[in-house]
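Student: Dropping a prediction and its sequence here:
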Amino acid sequence: MSDDAALTGLLGHMTRLSATLNRGQLFEKATTAAGLALDRPAVTILVVLHSAGEPMRVGEIAAQMQVAGPHVTRHLNGLEQRGLVERVPDPGDQRARLITLTPAGHQLIGRYLRIINGWFTDALARWPDEDKRDLVHLLGRMIHDLSEHLDTVTDAPAT
């Protein structure tokens, strides 16, 4: 089977996955169940910080979210006022600041992720563990490689 034939339908599957994840107030249901009174970008920042497992620069958070730095900074200010994130010195450059979750931020995003992960666990309950590990590995690899490739496409001059 050629590469083109093997990838036929991938965009359709990705579109359906996106629609599934964005449908029917799922975000609102998860945030309500977790007790979060935050908008989607703020929650995404908390998820990015949690996933990183270490403090990050604003630019790194923005790159992960694929948005501009000022967009992240606006949301970080609100999250900082709520006591969910804090700015800490960058050990490699004392002039710079890194963003990290506070204990309250860890607790809050932990509740949210337990709900989301519960949905995935329930949906994939009949899958063998190896298939689940393969899915996470391959999907992560695909997203990384596709993002990297699309960066070259969008950065290239139009012809």
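Tutor: In hand now; what should we look at?
Student: Name the single longest strand found in this protein.
Tutor: strand 93-101 (DSSP state E).
Student: same for whichever helix or strand comes after that strand, what does it pack against?
Tutor: Per DSSP states H and E, the first helix or strand lying C-terminal to strand 93-101 is helix 103-123. On a contact count with 3 or more C-beta pairs under 8 Å, 6 or more residues apart in numbering; DSSP states H and E, helix 103-123 meets helix 26-34, helix 40-52. All C-beta spots, glycine's among them, are computed from the backbone N, C-alpha and C.
Student: Check what contacts helix 103-123 and list those residues.
Tutor: 30-31, 33-36, 43, 46-47, 49-50, 79, 83-85, 101 (C-beta atoms under 8 Å, 6 or more residues apart in numbering).
Student: Tell me the helix or strand right after it.
Tutor: helix 129-155.
Student: Return the distance of that following helix from the chain's centre.
Tutor: 13 Å (C-alpha atoms, centre = their mean, to the nearest Å).
Student: Report the angle between it and helix 103-123.
Tutor: Angle, helix 129-155 to helix 103-123, by axes from the mean of the first three to the mean of the last three C-alpha atoms, to 10 degrees: 120 degrees.
Student: what packs against helix 129-155?
Tutor: Checking 3+ C-beta pairs under 8 Å, 6+ apart, helix 129-155 ends up next to no helix or strand.
Student: State the next helix or strand along the chain beyond the helix-or-strand element of the chain with minimal mean pLDDT.
Tutor: The helix or strand of the chain with the poorest confidence is helix 3-7; it has a mean of 73 (mean pLDDT, DSSP states H and E). Elements were assigned by DSSP H and E; along the chain past helix 3-7, the next helix or strand is helix 10-22.
Student: Just give me the neighbour total for Leu135.
Tutor: 13 (other C-beta atoms under 10 Å).
Student: Once you drop chain neighbours, what's closest to Asp39?
Tutor: In space, and not counting its chain neighbours, Asp39 is closest to His75: 7.9 Å by C-beta to C-beta, 6 or more residues apart in numbering.
Student: does that neighbour count as helix, strand or coil?
Tutor: What DSSP: H, G, I helix; E, B strand; the rest coil gives for His75 is helix.
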